[in-house]
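Novice: Structure for this input, please:
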Amino acid sequence: MKTMDVFLKDTRGAVMAAVALSLIGMVGSTGLAVDMGRAQLAQTKLSSALDAAGLAAGASLNTSDAQTEVQRYLDANFRDYMSATITDLDVTVDSSNTTITIAASGYIDTTFMNYFGFDHVPISASSEITRATTGLEVVLALDNTGSMAGTKLTALKSAASDLVEILHGGGNAENLYIGLVPFSQTVNIGTDKTSWVNAGSFNWGTTSWGGCVDARYTGNDVTDAPPSTEMFTKYYWPDDSNNDWISTRTRRGVTTTTYTIDSNHGPNLNCPSRLLEMTTDEQSVLDAIDAMVADGNTHVNLGAVWAWRMLSPRWRGLWGHEMDTYDLPLDYNTPKMNKAVVLMTDGENTMSNSSRSAYWYLSNGRLGTTNSTTAVTNLNTKLTTVCNAMKAQNIIVYTIAFGNPGTNIENLLRNCATQADYYFDSPTGEELQAAFRSIGDSLSNLRVSR
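Specialist: Predicted structure coming up:
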C-alpha cells in the first residue's frame, strides 16, 4: 500500500506538471493570438490611414509639401491607435507630380507576449496614390475692369497662370480644355464671329469693330440661347461728351473730319481683350492671360453668361478652332467629364450715365430702369440667375472675391459657388494666388491605384 501511495503521489505530481505545462502553452497560444490579432488590426488601420493621408496630400500637392501633409494626416488618423509607434515614414513624388508613393513601418507593444521575451510586434503598410485628372472643360471668367489696373492685374495674371499650369501637370493632362473670358462692361467674342452679330450701320472712323457685343436686353442676356435664337449687336461707343473721338472742321467751305482713336477714345473704348475658346494648348491660354488689359466698368453677369455659353452644348459647332475639332462643348453629364467655371471679380456691378456698356447708358433704360441703384440690383439678379442656371446643369462653379470688393458682391459670389468651400475671399494678391492654386488642386481628381 505504501509503495502504491508513493507511486500515486508521483503520478499526481507528473500530471500536475503536465497540466501546468499545458496551461502555460495555452496561455502562450492565447497571448500570441491576442497580440497578433492586435497587430493585424493596427496594420489594417495603418494601411487605411496611409491611403487617406496620401489622398489628402495629393489633393494639395501643389500648395504644400507632400511629406509634411502625409505626416499631418497620418497623425490625425493613426496617432495613439493601440499605442502603436511609427518609426519610419517615407513619401516620394514622381517627377511628373502625378504619383505619390508612401511606406510606413513601426510596431505595437505586446500585452501577453512580453512575458515570453517579445516586447513588440512589427507593423508596416504602403500606398500609392495616382493623381488622375479626369476630362475637364473649364472656363476662367476674369475681371478686366479699370479697378484691376496695376498690381491687381499682375497678381491675377500670375494666379491664373498657376491654375493653368497645375491643371496641365507638366504636360500630363488628357482631355483637358481651358477657355478664357476676360470681362468688363462687355465681352469681346472676337471679330471672326461676324455670323453671330447684326451688320448694323456704324461709323468706325479709321478703325473697325473690335469684337465686343451688347447684351441681348430682351431677356436672353441671362440664357445660353445661341445666335440662331437671337443675334447680337456690335458694341459701339458713339462720339459723345464721354468719348469725343470725331471732330469736324469747316474752313473755306471744306469740311474735314478727324478721328482720334486710341486707348482713351474711339468706338471700341473699354472693349476688353478677346476671349479664348477652349483649347488643349497650355501656352495659348497663358499667352491670352498675359495679354489681358484692365479698363472699363463692371458687369459680372456678362462674364458668367459667356463662360456658360462656352460650356453649353447648344453652342457646339459655333466656336470654331479646337472646339470644333473636338466637338466641344460636350453634352452635360458626359461620363468621366466635368464642366467648371472660375468666376473672379474685384468689385460690385456698376451702371451709370458716364460709361457706355453692353446695356448702353443708364439713361437708355436697357436694364428696365434709369435709376442707378435699381439698375445695379437688376445686374445682381441677372448674375444670380446665370449662376443658378449653370449649377442646374451640374457645372461646377468656383468664385473669387479679390481685394475686398464689397459685401453685396461677396454675398452674391458666395451664393453663386457650387458649395461653400468653392467660394474664396482673397483680400491680397498672395491670397488670390492661394485661391487659384486651391481650385487647381480641387479640379484634380484622385484615386488609389494600389
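
Novice: and the closest residue to residue 77 other than its chain neighbours, how far is that from residue 127?
Specialist: Spatial nearest neighbour of residue 77, chain neighbours left out: residue 49 (4.1 Å); criterion: Cβ to Cβ, 6 or more residues apart in numbering. Just so you know, the C-beta spots here come from the backbone N, C-alpha and C atoms, and that holds for glycine as well. Relative to residue 127, residue 49 is positioned 9 Å away (Cβ to Cβ, to the nearest Å).

Novice: And for residue 222?
Specialist: Distance of residue 222 to residue 127, computed by Cβ to Cβ: 47 Å.

Novice: All the strands of the stretch 251-400 of the chain, residue numbers only.
Specialist: Counting by DSSP state E, counting those that start in this stretch, the stretch 251-400 of the chain has strands at residues 254-259, 276-279, 337-345, 396-402.

Novice: Mind telling me which of those the model trusts least?
Specialist: Ranked by mean pLDDT, these bottom out at strand 254-259, which scores a mean of 92.

Novice: Now that strand: buried residues?
Specialist: Residues residue 259 are the ones in strand 254-259 that count as buried (16 or more other Cβ atoms under 10 Å).

Novice: List the contacts of it.
Specialist: Under the contact criterion Cβ atoms under 8 Å, 6 or more residues apart in numbering, strand 254-259 has outside partners 205-207, 245-250, 266.

Novice: For the stretch 351-450 of the chain, which residues score under the pLDDT cut-off?
Specialist: Along the stretch 351-450 of the chain, the parts satisfying pLDDT under 70 run over 445-450.

Novice: On the three-state scheme, residue 236 is what?
Specialist: Judged by DSSP: H, G, I helix; E, B strand; the rest coil, the three-state class of residue 236 is coil.

Novice: Settle this for me: it is touching residue 201, isn't it.
Specialist: No. Residue 236 lies out of contact with residue 201 (Cβ atoms under 8 Å); the separation is 9.9 Å.

Novice: Could you list which residues are in contact with the closest residue to residue 355 other than its chain neighbours?
Specialist: Of all residues not flanking residue 355 in the chain, residue 297 sits nearest, at 4.9 Å (Cβ to Cβ, 6+ apart). Each residue near residue 297 by Cβ under 8 Å, 6+ apart is listed here: 145-146, 184-185, 270, 350-352, 355, 357.

Novice: Determine which two of these are furthest apart.
Specialist: Farthest apart among those by Cβ to Cβ are 146 and 351. That separation is 14.8 Å.

Novice: and the two? which has more neighbours close in?
Specialist: Counted by other Cβ atoms under 10 Å, residue 146 and residue 351 do not tie: residue 351 has more neighbours, with 27 against 16.

Novice: residue contacts, the more buried one?
Specialist: 297, 357, 359, 362, 367, 372, 375-376, 379.

Novice: Helix, strand, or coil at residue 44?
Specialist: Relying on three-state DSSP, one would call residue 44 helix.

Novice: Quick check: pLDDT value at it.
Specialist: On the pLDDT scale, residue 44 is placed at 90.

Novice: Please name the residues that touch it.
Specialist: Shown in contact with residue 44 (Cβ under 8 Å, 6+ apart): no residues.

Novice: What is the neighbour count of the closest residue to residue 195 other than its chain neighbours?
Specialist: Distance criterion Cβ to Cβ, 6+ apart; nearest residue to residue 195, sequence neighbours excluded, is residue 227 at 7.0 Å. Residues lying near residue 227 (other Cβ under 10 Å) number 17.

Novice: Same question for the one 3 residues further on.
Specialist: When neighbours are defined as other Cβ under 10 Å, residue 230 has 13 of them.

Novice: Report the secondary structure state of it.
Specialist: coil.

Novice: My read is that it contacts residue 220, right?
Specialist: Yes. With contact defined as Cβ under 8 Å, residue 230 reaches residue 220; the gap is 4.9 Å.

Novice: how's this protein carved up into domains?
Specialist: Following automatic domain parsing, one finds the domains of the chain at 2-131, 135-234+272-448.

Novice: can the ones you listed go into JSON lines with extra columns for distance to residue 257?
Specialist: Below are those laid out as JSON lines (distance: least, Cβ to Cβ, whole Å):
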{"stretch": "domain 2-131", "distance to residue 257": "56"}
{"stretch": "domain 135-234+272-448", "distance to residue 257": "8"}
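
Novice: excluding its backbone neighbours, what's nearest residue 387?
Specialist: Computed as Cβ to Cβ, 6+ apart, the closest residue to residue 387 that is not its neighbour in sequence is residue 416, at 3.7 Å.
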